[in-house]
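Participant: Quick one, fold the following:
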Amino acid sequence: MEREGDDTATDPDGERERDEEPDGRAGDSTAESSASDRIPDDERNALETIAHGAVLTSGGVAGQRALTAATEFVLTRGLGPTAYGVYALAWRIAQLLSRLVTFGSVPAIQRYLPEYADDPGRRSAVAGLAYATTVGFGVAFAAGVWVAAPAINARTVTEPAFPGTMRAFGVLVGLLGVVMVASALFRAVGSARGEILFNKLLRPGVRLVGALAALALGYSVVGVAGAIVAATAVLAAAAVPLSASVTGVRPSLRGVRGEARRFYDHAAPVAMSSLGKVFQNRVDVLLVGALLTATAAGVYNVVLVVIAVAWIPLLSFNQLLPPVASELYASDRTETLNAVYGSVTRQIVTAVVPVIAVIAVFGREILGLFGDPYVAGYLPLVVYLGGVFVGSAVGATGWLLMMTDHQYARMALDWLLAVLNVGLTYAFVVRYGLVGAALGTSLAIAVQNAIQVVLLRHFEGLWPFDRSFLPPLAAGGVAVGAMYAVRAPLNGATAVLAGAPVGFAAYAASLAVLGVDPRDRFVARRLAGRYRAALVERFG
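Facilitator: Have a look, this model is predicted:
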């Protein structure tokens, strides 16, 4: 059972649910039950909250990735390689700007709304500041893109359709920011459903609808961009009042003077970090457009679409971790926070290993679904997966630095690595082409997250790793071997459809033999009992 706005680490119904579900451990051995019983109650609640949010989010993010892949499939087939390359570069630039348009408002909402749970006025002021900041930067970005689009075209793809496409997407940036702020309000009050609906499903859904409508009417790439902007505007207009109604957080500019200093003290360094991260692990998109061809930009965009699937476990577990971490840190429960961090990180690794294995083994076949020209992205895809693994294996390092008030340290690190990465990625792209773009980004992700782990240990004593991380890695090796055995006599989509289930089965069987941590078993049992009870209640 999920209660909107009340699914937090301090769930008051936690004890009642444990009393009502004593049979959740009925099938366990005595040793396993004893191990689970040693988990402190506040850690149990936090783990269940985060895992429940991850389950809900994984479905939403998977739907998001499916809608995104469907959109790219439609556009690759409907526009052709060159026109799709124009769209892909303009779209990726718009996505980069959308990371900046909220000016750190989304993390600030996650940081302060849980703290202001008993003060509706301060919550409203935080929401009002977030919306006002986003709209202001959205207007500025749209104007800047309108002026800069011809110059960007001259220095990148040099295609006549690019300036019009880029100008349309300049308007899109502010609209995306509004949707992200509305979604962040759901997330900050512990509601995964609203954030999933607007940010994970409706946002890519309206893009697909706009693209399909434009192509059906015979529009070019500029028309496709305009249709996407129109569809997103409708979504933004609906998101703001609906989020206020459901969460009870109604944006207001009353009292913003009193909140502005604290709000921007958190938001500004986060925004600077986001800008640094654009140069740190998204400079590849800009350099591919500037140094290679429009077709290469399209190929790389498809690589990023496939890579996005591998980020699902990390994004899912990070859904409700920030507000939980903020609450634990604010109440000085650092030991519990460290235990939760370690358990959640291990669960992320357990979930991401088989996904990476499937993409690595069947990458050529997956890319081929978009068309033969896109198979050229296989080697960059594999290289990029290395960064995905490291970024996932260390867990929510960036969020934890922000939730423990070390946002300035993260900002400094982001900019230090950004400067290094621009130079390295430029050299890699010039020398190795698309592979160099993936290599530069993968290295940046790995270095960034490794240093953030060290910073968390230095500042707060947080450290997630122990021997319990080894079984998922070993099981992943078994899964890779099993999938290669299936792939050898097959090809194309048939190989993926036959091999992926075999790989997942081999992974699950190996993990069962090697052993699962008691905390992970506890989470699985609790969620299984929770969903089973919900199904019985709904369907009898």
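
Participant: and Val106, how many neighbours?
Facilitator: Neighbours of Val106 under the rule other C-beta atoms under 10 Å: 25. For every residue, glycine as well, the C-beta is placed using N, CA and C.

Participant: Would you mind naming the helix or strand containing it?
Facilitator: Element membership for Val106, per DSSP states H and E: helix 105-112.

Participant: Name the SS class of Gly218, please.
Facilitator: coil (DSSP: H, G, I helix; E, B strand; the rest coil).

Participant: Got the phi and psi for it?
Facilitator: The phi/psi pair for Gly218 (degrees, to the nearest 10) reads phi 80, psi 20.

Participant: picking up where we left off before, would you mind putting the CA coordinates of the helix holding Val106 into PDB?
Facilitator: Coordinates of each C-alpha in helix 105-112 appear next as PDB, following Å, rounded to 0.1, in the frame of the first residue of the first chain:
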ATOM      1  CA  SER A 105      16.100  24.000  -8.000                       C
ATOM      2  CA  VAL A 106      15.300  20.300  -8.200                       C
ATOM      3  CA  PRO A 107      18.000  19.200  -5.700                       C
ATOM      4  CA  ALA A 108      17.100  22.200  -3.500                       C
ATOM      5  CA  ILE A 109      13.500  21.000  -3.400                       C
ATOM      6  CA  GLN A 110      14.700  17.500  -2.400                       C
ATOM      7  CA  ARG A 111      16.800  19.100   0.300                       C
ATOM      8  CA  TYR A 112      14.400  21.500   2.000                       C
END
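
Participant: In the stretch 51-200 of the chain, where is pLDDT below threshold?
Facilitator: 190-192 (pLDDT under 70).

Participant: what about the residue lying closest to Val126 once chain neighbours are set aside, neighbour count?
Facilitator: Closest residue to Val126 apart from its sequence neighbours, by C-beta to C-beta, 6 or more residues apart in numbering: Tyr112 at 5.3 Å. For Tyr112, the number of neighbouring residues by other C-beta under 10 Å comes to 22.

Participant: Tell me if I'm right that Tyr112 and Ala127 touch.
Facilitator: No. The criterion here is C-beta atoms under 8 Å, and Tyr112 misses it with Ala127 at 10.0 Å.

Participant: before we move on, back to that, residues touching the residue nearest to Val126, list them.
Facilitator: Arg122, Val126, Arg262, Phe263, His266 (C-beta atoms under 8 Å, 6 or more residues apart in numbering).

Participant: next one: Arg38
Facilitator: Contacts of Arg38 by C-beta under 8 Å, 6+ apart are Pro518.

Participant: run the last query once more with 7 Å
Facilitator: Residues near Arg38 by C-beta atoms under 7 Å, 6 or more residues apart in numbering: none.

Participant: before we move on, which element is the nearest residue to Val135 once chain neighbours are set aside in?
Facilitator: Nearest residue to Val135, sequence neighbours excluded (C-beta to C-beta, 6+ apart): Gly174, at 6.4 Å. Using DSSP H and E, the element containing Gly174 is helix 162-188.

Participant: Ok, Gly395 next?
Facilitator: Going by DSSP H and E, Gly395 is not part of any helix or strand.

Participant: now do Pro464
Facilitator: Here Pro464 is assigned to no helix or strand, by DSSP H and E.

Participant: What backbone torsions are found at it?
Facilitator: phi -90, psi -20.

Participant: Also Val516?
Facilitator: Main-chain dihedrals, Val516, degrees, to the nearest 10: phi -120, psi 140.

Participant: Chain neighbours aside, what residue packs nearest to the residue most central in space within the chain?
Facilitator: Nearest to the geometric centre of the chain sits Leu315, at 3.9 Å (C-alpha atoms, centre = their mean). Counting by C-beta to C-beta, 6+ apart, Leu315 lies nearest to Val61, which is 5.4 Å off, once chain neighbours are set aside.

Participant: doesn't Leu314 make contact with that neighbour?
Facilitator: No. Between Val61 and Leu314 there is no contact under C-beta atoms under 7 Å: 9.8 Å.

Participant: Need the contact partners of stretch 334-354.
Facilitator: 40, 42-43, 46-47, 50-51, 310, 313-314, 317, 321, 325, 328-329, 392-395, 400, 460-464, 468-469, 472-473, 476, 479, 503-504, 507, 517, 519-520.

Participant: From those, list just the buried residues.
Facilitator: Buried by 16 or more other C-beta atoms under 10 Å: 42-43, 46-47, 50-51, 310, 313-314, 317, 321, 325, 328-329, 392-395, 400, 460, 462, 464, 468-469, 472, 476, 479, 503-504, 507, 517, 519-520, out of the contacts of stretch 334-354.

Participant: Filter the residues you listed down to just the ones in strands.
Facilitator: Mapping those onto strands (DSSP state E) picks out no residues; all lie outside.

Participant: related to what we said a few turns ago, give me the buried positions along the helix or strand following the helix holding Val106.
Facilitator: Sequence-wise, the next helix or strand beyond helix 105-112 is helix 120-155, with elements assigned using DSSP H and E. If you call a residue buried by 16+ other C-beta under 10 Å, then helix 120-155 has these buried ones: 122-135, 137-138, 141-142, 145, 149, 152-153.

Participant: Likewise for stretch 242-255?
Facilitator: Within stretch 242-255, the residues scored as buried using 16+ other C-beta under 10 Å are Ser243, Ala244, Val246, Thr247, Val249, Pro251, Ser252, Gly255.

Participant: Show the contacting residues for the second one.
Facilitator: This means Ala244. Arg250, Pro251.

Participant: tell me the pLDDT at Ala488?
Facilitator: If you check Ala488, the pLDDT there is 85.

Participant: Gly499 versus that one, what's the distance?
Facilitator: 10 Å (C-beta to C-beta, to the nearest Å).

Participant: Between those two, point out the one with more neighbours.
Facilitator: Neighbours per residue (other C-beta under 10 Å) separate Ala488 from Gly499, with Gly499 holding more: 23 against 10.

Participant: Using TSV, please lay out the buried residues of stretch 242-255 together with secondary structure.
Facilitator: Supplementary listing: these in TSV, determined by three-state DSSP:
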residue	secondary structure
Ser243	helix
Ala244	helix
Val246	helix
Thr247	helix
Val249	coil
Pro251	coil
Ser252	coil
Gly255	coil
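
Participant: can you put the residues you listed in TSV and add pLDDT and distance to Val55?
Facilitator: Output for the buried residues of stretch 242-255, formatted as TSV (pLDDT from 0 to 100; distance: C-beta to C-beta, whole Å):
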residue	pLDDT	distance to Val55
Ser243	88	22
Ala244	87	27
Val246	83	20
Thr247	82	21
Val249	84	25
Pro251	87	30
Ser252	86	34
Gly255	79	37
